[in-house]
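no sequence on hand, only this structure:
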């Protein structure tokens with residue numbers, strides 16, 4: 001129950017202090033996101049990667065600062081619960097006319113859950129449900145950019161409009177030939193939309209900030225023709241001459257979903273009203289949960305908050321039970337799932353087999369590395385939670401026994417609830433080993449090729465997966481192969497890739513034991529074969545497409561390039577979508593209609 005009166009003068013000061021901490025966080029977050037434009041213009045790829053990594057740390061640092069300040073000024077952990085209820089009410093009042101109220105509510109939750117006991121994690125004390133609407137928030141300051149801009153081209157001005165759309169972002173680096181790029185875009189529009197009737201309401205809506213990630217900037221918008229809306233994105237890259245060019249045109253929800261995939265790094269976007277950006281993006285990708293969209297634009301803490309709300313909603317409207325996840329059990333992680341829910345829950349076991357020389361702290365550092373690193377579409381994002389209460393009756397007894405046997409330190413029984421003290425949550429995928437067992441010959445070939453491509457993308461991103469067994473990879477609904485077992489990953493540049501030395505005598509040649517010295521980070525790629533290629537069909541496809549993965553020179557060569565400062569290109573779209581080949585040569589496109597008009601009926 002909320003207090004009837006706001007009687008404690010400290011409550012308002014505490015609310016002001018907490019909101020001040022959030023405002024400082026968002027100023028810093030937005031400043032580093034806005035600076036992505038300058039880093040892109042300079043081609044500062046290492047700076048971009050560093051900023052993406054450091055920005056993830058901003059939130060926890062501001063939460064730590066806020067808690068320290070509240071303890072210093074108010075002895076926050078000793079306050080009565082009635083004071084905290086009043087703090088929340090004052091905080092709600094302060095969010096009137098705020099441009100990021102939903103994020104400020106999440107910040108409030110983060111501070112409170114670090115101070116209060118988890119028995120108070122309900123709506124009287126924290127924002128289990130949102131209190132402030134994010135509908136129709138506008139930045140009404142005179143110089144403020146709108147969330148998106150609208151363009152109303154005629155048949156005669158389509159080319160001119162496309163050039164103006166790009167120029168309005170005022171990139172301080174020259175395009176090699178923007179007119180030529182616009183021609184390619186309009187030809188792609190022609191291929192995508194075909195012969196269509198120009199409706200009364202024809203417009204192009206474009207979000208006002210570019211989306212920056214790795215070496216690319218993405219222009220995101222939609223074409224509206226009457227009652228038909230077509231989402232699109234235009235990747236802008238540096239070519240080999242250091243000039244800008246539009247590299248491709250992506251259309252439709254499926255291609256946008258790949259661009260905003262949970263297996264890719266977060267975008268840097270300059271946003272005053274993030275909820276308006278998410279609303280626009282959802283109009284293009286209605287199947288994408290708001291939680292994932294917030295995470296994709298770098299607001300992963302709020303994405304995590306929304307995910308948990310969606311999870312509670314699902315629990316209330318389902319009745320199946322949590323179970324041990326199907327598949328081969330891991331030596332390091334205990335994995336369970338809920339059949340009706342498309343995610344898995346992973347806990348670090350309290351003890352490991354002798355061959356696993358690791359620790360809980362080391363495993364957590366690996367998961368943090370993945371969170372901060374460029375996932376290049378090949379590593380699943382994870383959501384990390386502490387002190388999560390689950391209804392005990394929803395657990396199968398076999399799972400409870402497994403939890404008590406392998407993770408007793410992470411388990412607390414509290415009344416009718418099981419409280420898990422630390423858990424990771426990941427998107428559920430079909431394990432690759434199971435997929436291969438059930439695959440048709442065509443599916444098997446695709447899966448093996450994708451597996452090799454996944455490893456090569458990870459290599460390009462300076463990641464050595466460590467344990468490359470098929471069971472540690474999954475297949476998404478788009479057919480992409482994604483890595484999801486992180487306890488043995490290393491930076492590629494920290495590994496030493498070697499050939500197996502030739503035996504010096506007959507005894508060594510016939511020995512069943514390793515006769516040569518092996519350092520702690522030595523890797524012998526030619527030894528991968530016996531573990532990976534027992535299936536004849538798999539071996540044939542693998543050797544045809546990815547035999548270089550068994551050669552130490554392949555790995556060592558990539559390591560040397562990365563150490564020399566090279567940053568690889570990894571494209572979140574298929575190669576055939578690109579307008580230009582590797583050396584800037586134009587790829588075939590449909591001829592542009594005369595006068596650069598779209599064909600109209």
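Cool, got the structure. All values derive from a computational prediction rather than experimental measurement.

buried sites along the longest helix anywhere in the chain?
Taking DSSP state H as the criterion, the chain has its longest helix at helix 45-74. Using 16 or more other Cβ atoms under 10 Å as the test for burial, helix 45-74 gives 45, 48-49, 51-52, 55-56, 58-59, 62-63, 66-67, 69-70, 74. For every residue, glycine as well, the C-beta is placed using N, CA and C.

same question, stretch 232-244
By 16+ other Cβ under 10 Å, the buried positions in stretch 232-244 come out as 232-238, 244.

first vs last residue of it, how far apart are they?
Here the two ends of stretch 232-244 are set 19 Å apart, with distance taken as Cα to Cα, to the nearest Å.

all strands for the stretch 151-300 of the chain, in order.
With DSSP state E, counting those that start in this stretch, the ranges of strands along the stretch 151-300 of the chain come out as 202-207, 211-213, 216-225, 228-238, 244-246, 250-251.

residue 397: which of those strands is closest?
strand 211-213 (45.1 Å; Cβ to Cβ).

what packs against the closest one?
helix 36-42, strand 216-225 (3 or more Cβ pairs under 8 Å, 6 or more residues apart in numbering; DSSP states H and E).

would you reformat the ones you listed as a markdown table and include mean pLDDT?
Output for the helices and strands packed on strand 211-213, formatted as a markdown table (pLDDT from 0 to 100):
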| stretch | mean pLDDT |
| --- | --- |
| helix 36-42 | 97 |
| strand 216-225 | 96 |
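
give me whichever of those is most buried.
Neighbour counts (mean count of other Cβ atoms under 10 Å) averaged over each of these peak at strand 216-225, with a mean of 21.

compute the inter-axis angle for that one and strand 202-207.
150 degrees (axes from the mean of the first three to the mean of the last three Cα atoms, to 10 degrees).

give me the residues contacting strand 216-225.
By Cβ atoms under 8 Å, 6 or more residues apart in numbering, the residues outside strand 216-225 that reach it are 37, 40, 148, 165-166, 169, 171, 189, 193, 196, 198-199, 201-207, 210-212, 229-237, 247, 256, 259, 267, 281, 283-284.

again, only this time at 7 Å
With Cβ atoms under 7 Å, 6 or more residues apart in numbering as the test, strand 216-225 has contacts from 40, 166, 196, 199, 201-207, 210-211, 229-237, 259, 284.

likewise for stretch 230-239?
43, 176, 185, 192-193, 215-223, 244-253, 256, 259, 284, 584.

now for this structure, the helix or strand with the poorest mean pLDDT.
Lowest mean confidence among the helices and strands of the chain (mean pLDDT, DSSP states H and E): helix 506-510, at a mean of 63.

list the helices and strands the longest helix of the chain packs on?
Counting contacts by 3 or more Cβ pairs under 7 Å, 6 or more residues apart in numbering; DSSP states H and E, helix 45-74 is packed against helix 9-34, helix 36-42, helix 101-115, helix 360-372.

how does it look with 6 Å?
On a contact count with 3 or more Cβ pairs under 6 Å, 6 or more residues apart in numbering; DSSP states H and E, helix 45-74 meets helix 9-34, helix 101-115.

format these as JSON lines; extra columns: mean pLDDT.
Shown next, in JSON lines, are the helices and strands packed on helix 45-74 (pLDDT from 0 to 100):
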{"stretch": "helix 9-34", "mean pLDDT": "96"}
{"stretch": "helix 101-115", "mean pLDDT": "95"}
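
please state the offset of stretch 8-21 from the chain centre?
Counting by Cα atoms, centre = their mean, to the nearest Å, stretch 8-21 is centred 33 Å from the centre of its parent chain.
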